[in-house]
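Asker: Could you work out the structure for the sequence below:
(2 chains)
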Amino acid sequence: GQQLNQSPQSMFIQEGEDVSMNCTSSSIFNTWLWYKQDPGEGPVLLIALYKAGELTSNGRLTAQFGITRKDSFLNISASIPSDVGIYFCAGQEWNNNDMRFGAGTRLTVKP
Amino acid sequence: DVKVTQSSRYLVKRTGEKVFLECVQDMDHENMFWYRQDPGLGLRLIYFSYDVKMKEKGDIPEGYSVSREKKERFSLILESASTNQTSMYLCASSIGGAAGELFFGEGSRLTVL
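Answerer: This is a model prediction of the structure:
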């Protein structure tokens, strides 16, 4: 099955900096989700997007559902040390019921 | 809050052993999933289930089987564990209909020697 193309694979940033990551697909998706995974834990949902063009915020996090339905991005503003972890995008195609995941972006924040 | 509980956080098994990974959710979700997570490969779907006694193969079902005898419980079985099945296994559930938002357990890290 198709996996999503998520980039970058890893990021090393200074505390206070903004972060941007994105996911693309060759198929049209009707749902985009962004998850965060802390070390040794399961992924936790951050933001869910259901409509093309939708822009949704959750605190310092902002995510958008691309107009073409084939991409999504996640921004984190003013990063803090607890933002460290792996961020996954996930998407659901029109004609499939299961969820596809990106390979993840590993974020390191230096104090 | 949705709670997805995986029975074992860490397991060490020998090649050829039979391995059971149990997952229980407490929110009456219709859908349950088993994923495998490996560095650089993200989450890959092994099997999923939309109803009791129902199962569907995901992307990498070879070497695995599943059982869903009750709505709240979804088990992953490795009939004869191999070293290439050393991985983190994640169980997830979601409300009925389309997959929608997945709620994950904490994961089970399996090492096969």
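
Asker: Near residue 84, how many residues? Count them for me, please.
Answerer: Because you didn't say which chain, this covers chain A. A:Val84: 15 surrounding residues under other Cβ atoms under 10 Å in any protein chain shown. The way it works is simple: take the backbone N, C-alpha and C, and place the C-beta from them, glycine included.

Asker: other chain: chain B
Answerer: B:Asn84: 9 neighbours (other Cβ under 10 Å).

Asker: which residues does the residue lying closest to B:Val4 once chain neighbours are set aside contact?
Answerer: If the residues on either side of it in the chain are set aside, B:Val4 comes closest to B:Gly105, at 4.0 Å by Cβ to Cβ, 6 or more residues apart in numbering or on different chains. B:Gly105 makes contacts with A:Gly42, B:Val4, B:Thr5, B:Gln6, B:Cys23, B:Leu90, B:Cys91, B:Ala92, as judged by Cβ atoms under 8 Å, 6 or more residues apart in numbering or on different chains.

Asker: out of those, which are buried?
Answerer: Buried subset of those (neighbour count, 16 or more other Cβ atoms under 10 Å in any protein chain shown): A:Gly42, B:Val4, B:Gln6, B:Cys23, B:Leu90, B:Cys91, B:Ala92.

Asker: And the strands in chain B, which stretches?
Answerer: B:4-6, B:10-13, B:19-25, B:31-38, B:42-49, B:56-57, B:65-70, B:73-78, B:87-94, B:103-104, B:108-112 (DSSP state E).

Asker: So for A:Thr31, which of those strands sits nearest?
Answerer: Taking Cβ to Cβ, strand B:87-94 is the member of the strands of chain B nearest to A:Thr31, at 11.0 Å.

Asker: what's that closest one in contact with?
Answerer: Surrounding strand B:87-94, the residues in contact under the criterion Cβ under 8 Å, 6+ apart are A:42-43, B:2, B:4, B:6, B:21, B:23, B:25, B:27, B:29-38, B:43, B:46, B:74, B:76, B:100-105, B:107-110.

Asker: Filter those down to the buried ones and express that as a ChimeraX selection.
Answerer: Buried subset of those, written as a ChimeraX selection, criterion 16+ other Cβ under 10 Å:
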select /A:42,43 /B:2,4,6,21,23,25,29,31,32,33,34,35,36,37,43,46,74,76,100,101,102,103,104,105,107,108,109,110
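
Asker: I'd like to know how far A:Ala63 sits from B:Val19.
Answerer: The spacing between A:Ala63 and B:Val19, counted by Cβ to Cβ, to the nearest Å, is 37 Å.

Asker: So between these two, which is more surrounded?
Answerer: The neighbour comparison of A:Ala63 against B:Val19 (other Cβ under 10 Å) goes to A:Ala63, with 24 against 20.

Asker: Now the more buried one. Nearest residue, chain neighbours left out?
Answerer: Here the residue nearest A:Ala63, using Cβ to Cβ, 6+ apart, is A:Ile47, at 4.3 Å.
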